[in-house]
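Enquirer: Sequence plus the predicted model coming up.
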Amino acid sequence: MPKKSSPSPSPDLTFEQAFAELEKIVAQLEQGSLSLDDSLALFERGQAVAARCAELLNAAELKIKRLSPQGELADFDPEEDST
């Protein structure tokens with residue numbers, strides 16, 4: 001039985017930590033061996049961790065926009081970098 005964890009992830013959680021936790025949550029849910037209550041609790045935690053990932057990605061996108069000369073994001077083209 002999984003330990004009951006708080007739905008809100010720590011604000012100190014890095015993207016890599018949150019993504020790894022999300023992968024573990026998905027694997028546990030896919031096993032299908034949890035009770036309904038445990039599955040729902042784990043799903044809620046997964047939703048909160050996914051929201052944290054999105055928040056961190058949005059913050060990174062804003063930082064990139066601020067760093068770019070035009071303040072706009074452009075699609076990454078690896079061939080453009082190699083020339």
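Expert: Structure received. Numbering: from 1, shown residues only.

Enquirer: Only C-alpha atoms from now on, for both contacts and neighbour counts.
Expert: Noted.

Enquirer: can I assume residue 46 is in contact with residue 25?
Expert: Yes. Judged on C-alpha atoms under 8 Å, residue 46 makes contact with residue 25 at a distance of 6.3 Å.

Enquirer: who has more neighbours, those two?
Expert: residue 46 (24 against 19; other C-alpha atoms under 10 Å).

Enquirer: which SS class is the more buried one?
Expert: helix (DSSP: H, G, I helix; E, B strand; the rest coil).

Enquirer: pLDDT at it, what is it?
Expert: With respect to pLDDT, residue 46 scores 95.

Enquirer: show me what contacts it?
Expert: Residues near residue 46 by C-alpha atoms under 8 Å, 6 or more residues apart in numbering: 7, 22, 25, 26.

Enquirer: Repeat the analysis, applying 6 Å as the threshold.
Expert: By C-alpha atoms under 6 Å, 6 or more residues apart in numbering, residue 46 lies in contact with residue 22.

Enquirer: next one: residue 34
Expert: If a contact means C-alpha under 6 Å, 6+ apart, then residue 34 has no contacts.

Enquirer: mind pulling up the phi and psi values for it?
Expert: Per-residue torsions, residue 34: phi -90, psi 160 (degrees, to the nearest 10).

Enquirer: State the distance from it to residue 43.
Expert: From residue 34 over to residue 43 the distance is 11 Å, taken as C-alpha to C-alpha, to the nearest Å.

Enquirer: For the protein, give me the ranges with low pLDDT.
Expert: Residue ranges of the chain with pLDDT under 70: 1-6, 71, 73-78, 80-83.
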